[in-house]
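Q: Got a sequence here, can you build the structure:
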Amino acid sequence: MKDRRGVVAGLVFVVIGAGFLLDELDVVELRPAYLLPLLLIAAGVWIVVGSARSGGRRQ
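A: Just a heads-up that it's a prediction; the model follows:
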């Protein structure tokens, strides 16, 4: 389980870094007001998927 979390954390950093790079290159416009809701949605999806995979039980 720890290996999977490391991969996901790495992917999150890659996506965030790519987003900032695209912002610097004026491909997309990132505003902090856009990022917070996206982070909250991603956290919610992560919790729901993790709960569904474990069958609702905590370890």
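
Q: Spit out the contact partners of L30.
A: Neighbouring residues of L30 by C-beta atoms under 8 Å, 6 or more residues apart in numbering: 19-20, 22-23. Where C-beta positions appear, they are placed from N, C-alpha and C, glycine not excepted.

Q: again, 6 Å this time
A: Taking C-beta atoms under 6 Å, 6 or more residues apart in numbering, we find L30 in contact with 19, 23.

Q: In which helix or strand does P37 reside?
A: P37 belongs to helix 32-53 when assigned by DSSP states H and E.

Q: Now do that helix: distance to the chain's middle.
A: Here helix 32-53 is found 7 Å from its chain centre; the criterion is C-alpha atoms, centre = their mean, to the nearest Å.

Q: pLDDT weak spots in the protein?
A: By pLDDT under 70, the weakly predicted segments of the chain are 1-3, 52-59.
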